[in-house]
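> What follows is a predicted protein model with its sequence.
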Amino acid sequence: MTAHDTQPDDGDAIHDANCDVNLEVAPDLARRRLLAAAGIGAVGLMAPFGAEAAGKAAATTAPAGASSDPVVTPPVAGLHLQFGADASREIVVSWHTLQPVKRPRVLLGRPDGRLEKTVAADEVHYVDGKSKQTVYAYHAKIGALASDSAYLYAALHDGAEPQFGTFRTAPRGRQPLRFTSFGDQGTPTLGKLFTPPAGVTLPPTYVNDNLGSPVAGDTVLGVERLRPLFHLFNGDLCYANLAQDRVRTWWDFWNNNTRSARNRPWMPSPGNHENELGNGPIGYQAYQTYFSVPPAEGQSDITRGLWYAFTAGAVRVIAIANDDVCYQDAGDSYVRGYSNGAQKAWLEKELTAARADRSIDWLIVCMHQVAISTADKFNGADLGIREEWLPLFDKYGVDLVVCGHEHHYERSHPIRGQQANGTLTPIPVATGTQVIDTTQGTVHMVIGGGGTSAPSNQLLFNPPCCRVITGVGERDEKTGKRPPIYVTEDAPWSAVRNAARAYGFASFDVDPGRHPGDMTEIRVTYFDVVGLDGQIAPFERFTLRRPRRDGAGRG
């Protein structure tokens with residue numbers, strides 16, 4: 001089935017849940033106040049007021065012992081945010097460099113520039129297995145924040161120009177909020193446009209070494225048009241494992257995404273292309289270095305940060321790492337089973353606790369590889385996910401799963417239970433596509449149009465079918481990969497697909513209801529990204545609905 005938006009786009013759907021931070025004074029003034037309160041000169045900010053004034057400021061207020069030589073001192077690069085486990089109280093400010101720095105820290109203030117505190121950042125690093133380049137990352141973990149509150153901050157280290165951002169903490173309890181989601185982005189590298197042979201019709205394809213395309217920049221600006229509280233990133237972030245220069249690819253990725261990620265947390269799940277050969281025992285050390293996500297039980301130094309959870313309002317988000325259970329061999333190394341069951345044990349414990357917590361209405365899972373897909377000659381669905389994760393989603397009533405891996409948009413009907421066949425075909429429990437009761441089943445959304453140059457929207461089966469990876473063959477001597485074993489099934493769970501456009505993202509507006517026992521809703525809009533500067537157009541809108549769990553309703 002194909003859906004198109006039929007409601008007038010008057011802008012209300014975009015702006016009614018604005019989570020952006022409005023500075024209480026002029027931005028430059030607020031930033032100068034923040035630096036001045038910390039005893040730091042703001043040379044770059046004061047430059048418009050005259051070189052003489054800037055020079056005096058540098059001479060009188062620069063921190064003692066700081067080098068101002070830009071050749072010696074690396075800049076603050078790739079500034080970005082992550083929530084802690086409690087998004088109403090905890091945030092992490094992160095950046096990275098190519099050499100160690102002195103006194104990495106964050107100045108935290110209010111929107112008017114009042115300084116609240118200075119927080120030291122912890123240093124972590126990894127050595128890229130291909131280039132042998134060492135990358136250093138800095139994570140300032142900030143707690144005891146006020147809920148639903150705006151903050152201004154500056155990230156800096158000795159000798160570097162401060163970089164600024166803003167954020168808003170999540171509300172506590174049942175309050176409205178907005179988040180967005182996509183996966184499979186790449187970088188906005190301007191590669192050469194590939195011209196297919198005569199008689200072959202293909203979507204625009206850019207030739208570079210990490211599946212990037214210019215649209216990877218447009219999707220960021222599209223997200224910024226909606227100004228969500230946070231963004232869920234469903235794996236395959238920049239495809240660094242395919243790149244000749246993996247470190248530069250990560251730099252390009254962060255240079256692009258810091259335009260959004262310095263002002264709102266981008267919360268990731270790892271995809272198969274985050275598995276980089278030589279970067280740690282199972283390949284995820286770069287990913288684990290750049291991000292600092294909430295800690296989780298059952299993790300070792302090898303699996304640190306690969307799964308986690310956080311709460312925003314009445315929403316519990318659980319991010320999991322699917323390479324642990326997938327049959328498909330799609331990374332730089334085959335790592336299926338790497339947690340030895342630790343992730344599954346944590347997931348069940350986490351789901352049990354979330355469903356026992358009457359303050360949590362919504363259970364949302366963010367992951368990469370998929371349990372459903374109607375794309376032909378692409379990745380397909382993975383039986384490992386159906387075997388390991390879907391029974392837990394059914395048992396604990398997960399409402400929504402967002403994923404990527406397939407480079408198009410589609411969603412399922414609410415599903416619960418599986419057919420007794422070799423592919424464990426999910427069973428749809430309802431077929432309405434506009435208003436969905438998630439107490440009946442889990443809706444899966446494939447949102448893999450973040451910007452990669454290899455879309456799959458023109459490869460959809462018609463009528464819908466699904467290729468399921470049920471195992472892998474022997475390792476191929478030429479490719480080093482285990483080839484997938486596919487079984488094709490009917491797709492009764494298929495609800496809506498977008499064959500017309502490759503790129504886009506979803507927006508989720510949470511309406512908690514007003515009284516105990518009310519219905520709570522998530523109004524979902526999938527936006528096509530249709531042009532430069534993040535121009536967007538709604539493809540479809542629908543509503544997820546369930547009773548609030550503080551009343552006597554189901555769920």
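The structure has been received and is ready for your questions.

> shaky segments in this structure?
1-19, 42-68, 70, 190-193, 204-208, 552-555 (pLDDT under 70).

> the helices in it, which residues?
12-15, 27-37, 43-46, 51-61, 215-226, 246-261, 285-290, 342-356, 383-388, 390-396 (DSSP state H).

> Residue 525 is nearest to which of these?
With C-beta to C-beta as the measure, helix 12-15 is the member of the helices of the chain nearest residue 525 (5.9 Å). Heads up, the C-betas are built off the backbone N, CA and C, glycines and all.

> what sits against residue 318?
Applying C-beta atoms under 8 Å, 6 or more residues apart in numbering to residue 318 gives the contacts 307-309, 347, 350-351, 354, 363-366.

> which residues does it bridge with?
residue 309, residue 365 (DSSP bridges).

> mind checking how far it is from residue 95?
Distance of residue 318 to residue 95, computed by C-beta to C-beta, to the nearest Å: 27 Å.

> Also residue 502?
32 Å.

> between the two, who's got more neighbours?
Higher neighbour count among residue 502 and residue 95: residue 95, with 29 against 25, using other C-beta atoms under 10 Å.

> what is that one paired to in the beta sheet?
residue 138.

> I figured it was touching residue 162, is that so?
No: counting by C-beta atoms under 8 Å, residue 95 stays clear of residue 162, with 10.9 Å between them.

> so what sits against both of those two?
Joint contacts of residue 95 and residue 162 (C-beta under 8 Å, 6+ apart) are 76, 155.

> from the contacts of residue 318, which is closest to residue 195?
residue 366 (37.0 Å).

> for the closest one, what are its contacts?
181, 232-234, 267, 269, 317-320, 401-403.

> and those residues, which of them are in strands?
Those of the contacts of residue 366 mapping onto strands are 181, 232-233, 267, 317-319, 401-403, per DSSP state E.

> which of the residues in stretch 140-155 are buried?
Residues 140-142, 145, 147-155 are the ones in stretch 140-155 that count as buried (16 or more other C-beta atoms under 10 Å).

> Using PDB, write out every CA atom in it.
The C-alpha coordinates for stretch 140-155 follow below in PDB (Å, rounded to 0.1, in the frame of the first residue of the first chain):
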ATOM      1  CA  ALA A 140      31.600  16.300  29.900                       C
ATOM      2  CA  LYS A 141      28.900  14.500  31.900                       C
ATOM      3  CA  ILE A 142      26.500  17.000  33.500                       C
ATOM      4  CA  GLY A 143      23.900  16.100  36.100                       C
ATOM      5  CA  ALA A 144      21.500  17.700  38.500                       C
ATOM      6  CA  LEU A 145      19.900  19.800  35.700                       C
ATOM      7  CA  ALA A 146      16.500  21.300  36.000                       C
ATOM      8  CA  SER A 147      13.800  19.500  34.000                       C
ATOM      9  CA  ASP A 148      12.300  21.100  30.800                       C
ATOM     10  CA  SER A 149      14.800  23.900  31.000                       C
ATOM     11  CA  ALA A 150      17.000  25.700  28.500                       C
ATOM     12  CA  TYR A 151      20.800  26.000  28.900                       C
ATOM     13  CA  LEU A 152      23.600  27.700  27.000                       C
ATOM     14  CA  TYR A 153      27.000  26.100  27.100                       C
ATOM     15  CA  ALA A 154      30.600  26.500  25.800                       C
ATOM     16  CA  ALA A 155      33.000  23.600  25.200                       C
END
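
> Check the gap between residue 144 and residue 407 for me.
Distance of residue 144 to residue 407, computed by C-beta to C-beta: 41 Å.

> nope, residue 97 is what I meant
32 Å.

> So for the two, which residue has more residues nearby?
Each of residue 97 and residue 407 has its neighbours counted (other C-beta under 10 Å); residue 407 has more, 26 against 22.

> The more buried one contacts residue 458, correct?
No: taking contacts as C-beta under 8 Å, residue 407 lies outside contact range of residue 458: 10.3 Å.

> Now for those two: what residues contact both?
Jointly contacting residue 407 and residue 458 under the rule C-beta under 8 Å, 6+ apart are residue 502.

> Next, count neighbours for the closest residue to residue 221 other than its chain neighbours.
Among residues not flanking residue 221 along the chain, residue 534 sits closest, at 2.8 Å (C-beta to C-beta, 6 or more residues apart in numbering). For residue 534, the count of nearby residues is 20 (other C-beta under 10 Å).

> Let me know how buried residue 514 is, in neighbour terms.
9.

> And the buried ones among the contacts of residue 318, selectable in PyMOL?
Buried residues among the contacts of residue 318 (16+ other C-beta under 10 Å), as a PyMOL selection:
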select buried, resi 307+308+309+347+350+351+354+363+364+365+366
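
> In TSV: the contacts of residue 318, plus distance to residue 245.
Listed next are these as TSV, based on distance: C-beta to C-beta, whole Å:
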residue	distance to residue 245
307	29
308	29
309	34
347	35
350	37
351	40
354	41
363	40
364	35
365	33
366	28
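
> hang on, the earlier thing: can you flag the buried ones in the contacts of residue 366?
In the contacts of residue 366, the ones that pass as buried (16+ other C-beta under 10 Å) are 181, 232-234, 267, 269, 317-320, 401-403.

> Could you save those residues as JSON lines and add columns showing distance to residue 359?
Below are those laid out as JSON lines (distance: C-beta to C-beta, whole Å):
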{"residue": "181", "distance to residue 359": "23"}
{"residue": "232", "distance to residue 359": "21"}
{"residue": "233", "distance to residue 359": "26"}
{"residue": "234", "distance to residue 359": "26"}
{"residue": "267", "distance to residue 359": "20"}
{"residue": "269", "distance to residue 359": "24"}
{"residue": "317", "distance to residue 359": "15"}
{"residue": "318", "distance to residue 359": "16"}
{"residue": "319", "distance to residue 359": "20"}
{"residue": "320", "distance to residue 359": "22"}
{"residue": "401", "distance to residue 359": "22"}
{"residue": "402", "distance to residue 359": "22"}
{"residue": "403", "distance to residue 359": "26"}
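
> Of the residues you listed, just say which sits nearest to residue 427.
Nearest member of the buried ones among the contacts of residue 366 to residue 427, counting by C-beta to C-beta, is residue 401, at 15.4 Å.

> and the closest one, bridged to which residues?
Beta-bridge partners, per DSSP bridges, of residue 401: residue 365, residue 444.

> List the residues that contact it.
Applying C-beta under 8 Å, 6+ apart, we find residue 401 in contact with 364-367, 371, 393, 442-445.

> Turn the residues you listed into CSV, columns for distance to residue 474.
Shown next, in CSV, are the contacts of residue 401 (distance: C-beta to C-beta, whole Å):
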residue, distance to residue 474
364, 38
365, 33
366, 33
367, 28
371, 26
393, 32
442, 35
443, 37
444, 31
445, 35
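
> now, the most widely separated pair of those?
364 and 371 (15.0 Å).

> Residue 77 touches residue 252, doesn't it?
No: with contacts counted by C-beta under 8 Å, residue 77 stays clear of residue 252, the gap being 11.1 Å.

> who has more neighbours, these two?
Using other C-beta under 10 Å, the more surrounded residue of residue 77 and residue 252 is residue 252, with 22 against 18.

> what's across from the residue most central in space within the chain in the sheet?
The C-alpha lying nearest the average C-alpha coordinate of the chain belongs to residue 233 (C-alpha atoms, centre = their mean; 1.6 Å). Listed by DSSP bridges, the beta-bridge partners for residue 233 are residue 182, residue 268.
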